[in-house]
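Asks: just need the structure, nothing else, for what follows:
(one chain, ligands or ions: 1)
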Amino acid sequence: MIDLRSDTVTRPTAAMLDAMFRAPVGDDVYEEDPTVRDLEHEAARRFGLEAGLFCPSGTMTNQIAIKGHTQPMSEVVCEQTSHIYLWEVGGIAFHSGASVALLAGDRGRLTAGQVASAIRSENVHYPNTSLISLENTHNRGGGSCYEWAALEDIAELAKRQRIPLHLDGARIYNALVATGQQSQEYGRLFDSISICLSKGLGTPVGSVLVGSREFIQKCKRIRKVMGGGWRQAGYLAAAGLYALDNHVERLADDHCRARQLAEALEAAPYVEYVLPAQTNLVIFRLREGLTEDQFLAHLADNGIKASAFGPQMVRFVTHLDVDDAAIDKVLAALQTVPQ
Ligand SMILES: *Cc1c(COP(=O)(O)O)cnc(C)c1O
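Replies: As a prediction, the model looks like this:
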């Protein structure tokens, strides 16, 4: 089976498993796991921030950060198709008792002007704007990347207004590799960043939240109340350290393969449009007459899995377990779609 549903489906490589087996571990709730500590330090260092917190999922790192920054009766400014709003089970309301101000971005990307228009003024009727959250790359936006200048403008606005700025960086390494931006620079703009290790970086489990020492200390208590205090997590952290050292540059291969798929789809008569494939996600719309279910059934007959992404919409994701031979098979299957 060739699995293009998500970059979360990867299995650890033999070398990654070997690094996991050899990891020195301890009880992380006692802060005695040296491998977790190394991963948290390394992630923070790479993004120019002081401290890190290793968690089981990107949903948890996002939701902990949102709770850490906000208070009940306040409001989070984010894009209307952002993961924190659309795909985290209403966690902003559930965990933080906060409301959301939703903006319509360009393939998920906001401008400083849009963000400024959503910031609440002082008024007894209004929630206070307590957080601005961005997503890079943007999942629903087809893996779109922010321009550096746009991020700087939003960060400057956030600082001026004294509102914390969070980044859902589930696929931040895809954005860094695609744009050539430096991870170090991100720490100057963002108060907290959530980084997924189990997406393109290919680990079995885990995300890291990075921020100031004081903020991460607060977040550690929030992780605990969510039941996320874990013990010999160093076996999993070792996979993260291995991935940071070995699985970042290779993301360029995933991007190249995604582009090949996007080009074939653009030329296919049954495709209405393809969102620009800047990184490893390819989102496209099928013309009327071929439903997403029919299209996915044809792929399944050819040993290929992909995701329906709404009516007539399909998403392909390239990752560590999709090689050139797999792409050739997908390209062949795209040529034989019955119409
Ligand atoms: C996958 C993802 C997350 C976190 O997902 P988990 O499955 O909880 O690790 C967060 N944000 C974005 C944009 C994602 O794609």
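
Asks: and Leu4, how far from the ligand?
Replies: From Leu4 across to the ligand, the span is 15 Å (Cβ to the nearest ligand atom, to the nearest Å). The way it works is simple: take the backbone N, C-alpha and C, and place the C-beta from them, glycine included.

Asks: ugh, wrong one, I meant Phe47
Replies: Taken as Cβ to the nearest ligand atom, the span from Phe47 to the ligand is 16 Å.

Asks: isn't that residue up against Val210?
Replies: Yes - between Phe47 and Val210 there is a contact under Cβ atoms under 8 Å: 5.1 Å.

Asks: could you list everything the residue of the stretch 201-339 of the chain found nearest the ligand pairs with in the sheet?
Replies: Taking Cβ to the nearest ligand atom as the measure, the stretch 201-339 of the chain has Ser207 as its residue closest to the ligand, at 5.6 Å. Note on Ser207: beta-bridge partners Cys55, Cys196, judged by DSSP bridges.

Asks: how many neighbours does it have?
Replies: 26 (other Cβ atoms under 10 Å).

Asks: for it, give me its contacts.
Replies: By Cβ atoms under 8 Å, 6 or more residues apart in numbering, Ser207 lies in contact with 54-58, 60-61, 170, 194-198.

Asks: Leu4 and Phe316 touch, don't they?
Replies: Yes - between Leu4 and Phe316 there is a contact under Cβ under 8 Å: 4.4 Å.

Asks: joint contacts of the two?
Replies: Shared contacts of Leu4 and Phe316 (Cβ under 8 Å, 6+ apart): 306, 330.

Asks: who has more neighbours, Phe47 and Val210?
Replies: Val210 (32 against 25).

Asks: where does the residue in the chain sticking out farthest from the centre sit: helix, strand or coil?
Replies: Going by Cα atoms, centre = their mean, the residue of the chain most distant from its centre is Val124, 35.4 Å out. Classification of Val124 using DSSP: H, G, I helix; E, B strand; the rest coil returns coil.

Asks: closest point of the stretch 151-300 of the chain to the ligand, which residue?
Replies: For the stretch 151-300 of the chain, Cβ to the nearest ligand atom, closest residue to the ligand: Ala170, 3.3 Å.

Asks: tell me the one of the contacts of Ser207 nearest Gly90?
Replies: Met60 (14.9 Å; Cβ to Cβ).

Asks: return the distance of that closest one relative to the ligand.
Replies: 7 Å.

Asks: show me the contacts for that residue.
Replies: 207, 223, 226, 228.

Asks: can you tell me which of those are in helices?
Replies: Judged by DSSP state H, the subset of those located in helices is Arg223.

Asks: dump the contacts of Met60 into CSV; add pLDDT as well.
Replies: Listed next are these as CSV, based on pLDDT from 0 to 100:
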residue, pLDDT
Ser207, 98
Arg223, 98
Met226, 97
Gly228, 98
